[in-house]
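# Fold the following.
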Amino acid sequence: MFRLFRSAAFRFTLLYMVTFGASVTALLIFVYSAIISDMEDDLKHSIQIQVADLKRKFTVSGPEETAASIKNILAKDDDKTLVLMFIDRNWQVLAGNVERWPGGKTSIDSWIKFPIGGTNGVQVPPKAIAMNSTLPGGYILLVGRKMENIEHVHEIIVEVLYICFGIMFALAAAGGMLLSYTIYRRIDLVNQTFRKVAAGALTTRVNVIGTGDEFDHLAVNLNQTLNRICELIDGVRDISYNVAHDLRTPLNRLRNRLEDVNSDSSNRKVAEKVRACLSEVDSLVATFNSILRIAQAEIGAGIEHFTEFNLSEAIKDLVDLYLLVAEEKSQTLISEIADGISIKGDRHLITQMAANIIDNAIKYTPKSGTIKVILKDGEGFILLQVADNGAGIPTAFYHRVTEKFFRLEQSRSSPGNGLGLSLVGAAVKLHKGELSFTDNTPGLIVTIKLPKGS
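Model prediction:
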């Protein structure tokens, strides 16, 4: 779920939700303002009509009749919503239901809003809106209405807005989460597929749901790309396999003929040159055999013929074999091999894998150096580790040393073909294990973890 919140789909959905929420909020505020403004306009219109009637009364009948008319209007005001005040030039109230002038300008036809019942300077929201007019003779007329209806509508609208906001954001959040999860799930399926492909499962494909949407189109295109990549890889692998297989036979025939020449030759110089040629042919045959074995391991050939064997005994035999080689270089070969460790796999390939690692350790460790071989049981896996105090491998090349024909020595003048660790990598992958390299300061530690019963 945490990965979902960090996904681009969630961020896009969150941005959409905020934008949508802001747009709806702006719309609701506009509607609210329009309703309140329309109600105030209606209220002002009724006040203006009332003001015009009283002005006409004042002009025709005078102040006394105007005051009497105001009292009569207030007596008939059953809803008690009218606000009226009629004062003379001395600010004496002649008629009305407001005890004192509420404040504001007294210019002709100006609007004021004031609280009803506010005392001692306490600030309260406006509860009435009125128009005041100065009449001939210094008389002042104040006509207004209480805003109780508007205030009531205001409270209702605000409450409805809060409820709408809550529902809107809840639905937007739920919809956004659902949309984010849907997009994230579809994209994660693609990521899972490519993680499997990167791990070596080249036949894995993206699932096409069949909805015909853009994700299905993407899945189809990606699958076509993977199919094409697999075809190219298979083509290269087949070429390597066929070339190695086809050249191995003539090389063996060439070797046999050289053997015949060597046995028939009485010339010592000729015999030496023939033996040198035999050594080169043997190296070529070994190279082609390695290529074939790596190709077979990469395509999983022989996995159905895996057998269980005693790995402890196989590693002990290898250590005994390489003890003499190490002694020739005045090296110390130490082993810590647990007894009774068995594994199901290709015995020859696993043995060759271990031999390649030990051989490399001896080859690249200087005289008087130390090589240590460890085999032990782990939790759910078998650990094979070879450590030396030789030259080691720069960490920048750890990911490349299992590539075919890769060598740190660019001149390629020393013996070897760059296939030793390639075979190790292919063997580990075939047995679904893990291969890692660690700096031994100085030297290198090669660690192989093979699952039990692989």
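
# Please confirm that residue 74 is located within a strand.
No: counting by DSSP: H, G, I helix; E, B strand; the rest coil, residue 74 is located in no strand; its state is helix.

# Verify the stated contact: it with residue 82.
Yes: contact between residue 74 and residue 82 holds when scored by Cβ atoms under 8 Å: they sit 6.3 Å apart. From N, CA and C alone the C-beta is placed, and that goes for glycine too.

# From residue 284, how far off is the nearest residue to residue 151 once chain neighbours are set aside?
Nearest-residue entry for residue 151: residue 127, 7.0 Å, with adjacent residues in sequence omitted and distances by Cβ to Cβ, 6 or more residues apart in numbering. Separation of residue 127 from residue 284 (Cβ to Cβ, to the nearest Å): 106 Å.

# May I have the phi/psi pair for the nearest residue to residue 100 once chain neighbours are set aside?
Once flanking residues are discounted, residue 100 sits nearest to residue 93: 8.0 Å by Cβ to Cβ, 6+ apart. For residue 93, the backbone dihedrals (degrees, to the nearest 10) come out as phi -80, psi 120.

# tell me the pLDDT at residue 93?
With respect to pLDDT, residue 93 has a value of 87.

# cool, residue 24 as well?
Reading off the confidence values, residue 24 has pLDDT 80.

# same question, the one 10 residues further on
At residue 34 the predicted local confidence, pLDDT, stands at 88.

# Residue 88 now?
Note on residue 88: pLDDT of 87.

# Likewise for residue 345?
Residue 345 is assigned a pLDDT of 88 by the prediction.

# correct me, but it touches residue 433?
No: between residue 345 and residue 433 no contact is recorded; they are 9.3 Å apart, counting by Cβ under 8 Å.

# Which of those two has more residues huddled nearby?
Set side by side, residue 345 and residue 433 show unequal neighbour counts under other Cβ atoms under 10 Å, the larger going to residue 345 at 24 against 20.

# Tell me who's in contact with the more buried one.
Residues near residue 345 by Cβ atoms under 8 Å, 6 or more residues apart in numbering: 306, 307, 309, 430, 431, 450, 454.

# Now restrict these to buried residues only.
A residue is treated as buried here by neighbour count (16 or more other Cβ atoms under 10 Å); on that basis the buried members of the contacts of residue 345 are 306, 309, 430, 431, 450, 454.

# Go through those residues and name the one nearest residue 373.
Comparing the buried ones among the contacts of residue 345 against residue 373 with Cβ to Cβ picks out residue 450 as the nearest, at 15.0 Å.

# Next, the closest residue in space to that closest one that isn't next to it in sequence: phi, psi?
Setting aside the residues directly before and after it, residue 450 is nearest to residue 433 in space (Cβ to Cβ, 6+ apart), at 4.2 Å. For residue 433, the backbone dihedrals (degrees, to the nearest 10) come out as phi -100, psi -170.

# Then residue 386?
For residue 386, the backbone dihedrals (degrees, to the nearest 10) come out as phi -130, psi 120.

# now swap in residue 406 and tell me
Geometry field for residue 406 lists phi and psi as phi -80, psi 130, criterion degrees, to the nearest 10.

# and if you look at residue 62?
Dihedral angles of residue 62 (phi, psi; degrees, to the nearest 10) stand at phi 100, psi 180.

# Look at it and report its pLDDT.
The predicted local confidence for residue 62 comes out at a pLDDT of 90.

# Count the neighbours of it for me.
There are 12 residues near residue 62, going by other Cβ under 10 Å.

# can you check residue 218 too?
Residue 218: 15 neighbours (other Cβ under 10 Å).

# if I look at it, how far off is residue 211?
Between residue 218 and residue 211 the computed distance is 12 Å (Cβ to Cβ).
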